[in-house]
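Participant: Attaching a predicted model along with its sequence, questions to come.
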Amino acid sequence: MFHKIITYWNLHKFPILLALVSVLFYTSFAYDLERKDFTRLITLFAGLFFFCYKLIQFEKWNFRFLVITGIIFRLIFLGATPNLSQDFFRFIWDGNLIVQGLNPYLHLPINLIAQEDFSLNNAQQLVVGMGELSASNYSNYPPLNQLIFAISSLLSGKSVAGSLLIMRVFIILAEIGILYFGRLLLLKLNKPVHLIFWYFLNPLIIIELTGNLHFEGVMLFFFIWSIYLLHTKKWKIAAPVYAMSIAVKLVPLIFLPLFIKHLGLKKSLIFYSLVAGVSVLFFFPFFSVQFLENYSQTIGLWFSNFEFNAGLYNLVKHIAVSFGAKPWELIKVYGKITPPIVIITVGLFTFLADNKKTPTLLTSMVWILSVYYLLATTVHPWYIVFLALTCLFTDIKHPVIWSFFVFLSYWTYSNPDYKEHKIILIVEYIAIYGFMIYEIIKAYNKKAIFRKI
């Protein structure tokens, strides 16, 4: 036994040391870092990203080693309080409301806490923690996400620390599920299996999902499971699974038109009916006319009120303001223009791209979502998680680059006024646009070569 350990150490010494140093970096990130300390934050993140690259490079054929390493990195965060996002306060608030029989889509936290007869565990702490912006708006988290919040609150006895632990367990299990179905899909597509570790070991994924409790991981578990089922011709089973992905986060809705070509008209209509039916079942317990009004109003805010780490919008704003436009009016106009552009983009990829094959279907999804985020007025780091996974099954790699540079946006929180740094934004988006243009030229040249042959 001892001889085997020595042999293993001699064969894998450098990767083991990289993993151990990564453990120290993640521990520091989880328990000894404030969001406003940008220098330390970006240094730790850059180091972790480099270690991720080297671990995959050295051990890409050692599947077990990389799986265990990725799980250990996530377990480090089990006892930590998220330090880059306060969204978890709203998650716990919504879960506690549901446990008490209240609909989180119908009540504003700021109004409930002002009522004398209202009682909720840790109410004051949760409202202060979520911030005035969240407390003044209705919940925008879909029903399956709300169910996880409620289960976490119920099992934890409504304790904040207990809720955090249970939510993390959900996310870690979902990510192991992504690893499982992602590996199977890569094998089916005859692509290198180690590509999945650009998701599973990516520090953006580990920090933003397990660390900061964003539920994109749960959404992506159902999404990649459904894509695997579609690829293996089990499209009737894939439909309810896809609906579950939508019921965690609404993003997969944008891809539904692509299935017309992938499945054919008749099958796609049945697929859409099944997705719609299961989605209605999830929303039904919360449904009311007031719910529709509140939910659509809250979703609309993301297009016309909020701005953070925007790409094209910041350029448009800079030009418009120099000609005398008012930013608070511009964002509302811009918010009305971008949805039609996204719809047109979806239409082009629906009818012009050959989405019959799974890689082409996923390629269309990557480009649609890339356009959507490049046009968006708000691009939080965890938004890129969807792209970072989906691109691994295609020849597109700019989301991996984006998953590194998007972390530069956290500079904003080191500023007391929360003002974005224009140079940092320029660096981030030059890197992203530059690599995207390179990929487009490369793909065009490749097709040109095939045409000559």
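Facilitator: Arrived safely, thanks for sending. Numbering: from 1, shown residues only.

Participant: Let me see the domain layout of the protein.
Facilitator: Structural domains annotated on the chain: 1-83+162-280, 306-452, as defined by the TED database.

Participant: Would you convert those into TSV that also reports mean neighbour count?
Facilitator: (Each C-beta comes from the backbone N, C-alpha and C, glycine too.) Compiled in TSV, the domains of the chain are given as follows (neighbours: other Cβ atoms under 10 Å):
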stretch	mean neighbour count
domain 1-83+162-280	18
domain 306-452	17
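
Participant: Turn the ones you listed into TSV, including mean pLDDT and distance to residue 104.
Facilitator: Below are the domains of the chain laid out as TSV (pLDDT from 0 to 100; distance: least, Cβ to Cβ, whole Å):
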stretch	mean pLDDT	distance to residue 104
domain 1-83+162-280	95	15
domain 306-452	88	20
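
Participant: May I see those domains arranged in CSV, with distance to residue 116 as well?
Facilitator: Formatted as CSV, these follow (distance: least, Cβ to Cβ, whole Å):
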stretch, distance to residue 116
domain 1-83+162-280, 26
domain 306-452, 32
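
Participant: so which of those domains gets nearest residue 135?
Facilitator: Ranking these by proximity to residue 135 (Cβ to Cβ) places domain 306-452 first, at 15.1 Å.

Participant: Return the distance of the closest one from the chain's centre.
Facilitator: 14 Å (Cα atoms, centre = their mean, to the nearest Å).

Participant: Likewise for stretch 258-276?
Facilitator: Distance, centroid of stretch 258-276 to centroid of chain: 25 Å (Cα atoms, centre = their mean).

Participant: now what about that stretch, what contacts it?
Facilitator: Outside stretch 258-276, the residues that touch it by Cβ atoms under 8 Å, 6 or more residues apart in numbering are 230, 235-236, 238-240, 242-243, 246, 256, 346, 349-351, 353-356, 361, 364-365, 368.

Participant: so where do the helices sit in the stretch 101-250 of the chain?
Facilitator: 109-112, 123-135, 143-155, 160-188, 197-200, 203-205, 216-231, 235-246 (DSSP state H, counting those that start in this stretch).

Participant: Residue 137: which of the domains of the chain is closest?
Facilitator: So among the domains of the chain, domain 306-452 is nearest, using Cβ to Cβ, at 10.2 Å.

Participant: So which residues make contact with stretch 59-74?
Facilitator: 12, 15, 19, 22-23, 26, 55-56, 172, 175-176, 179, 183, 192-194, 197, 200-201, 206, 210.

Participant: how about 7 Å then?
Facilitator: Applying Cβ atoms under 7 Å, 6 or more residues apart in numbering, the contact partners of stretch 59-74 are 12, 15, 19, 22-23, 26, 55, 172, 175, 179, 193-194, 197, 200-201, 206, 210.

Participant: go on, stretch 385-401?
Facilitator: Contacts of stretch 385-401 (Cβ under 7 Å, 6+ apart): 178, 185-186, 189, 191, 195-196, 198-199, 202, 204-205, 208-209, 216, 220, 224, 251, 359, 362-363, 365-366, 369-370, 384, 402-403, 431-432, 435-436, 439.

Participant: gap between the two ends of it?
Facilitator: For stretch 385-401, the first and last residues are 12 Å from each other (Cα to Cα, to the nearest Å).

Participant: so who does residue 246 touch?
Facilitator: Residue 246 neighbours (Cβ under 7 Å, 6+ apart): 142, 252, 253, 279.

Participant: Which of those residues fall within helices?
Facilitator: Counting by DSSP state H, the part of the contacts of residue 246 found in helices is residue 279.

Participant: okay, the contacts of residue 246 in a markdown table with distance to residue 6 next?
Facilitator: Listed next are those as a markdown table, based on distance: Cβ to Cβ, whole Å:
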| residue | distance to residue 6 |
| --- | --- |
| 142 | 52 |
| 252 | 49 |
| 253 | 54 |
| 279 | 56 |
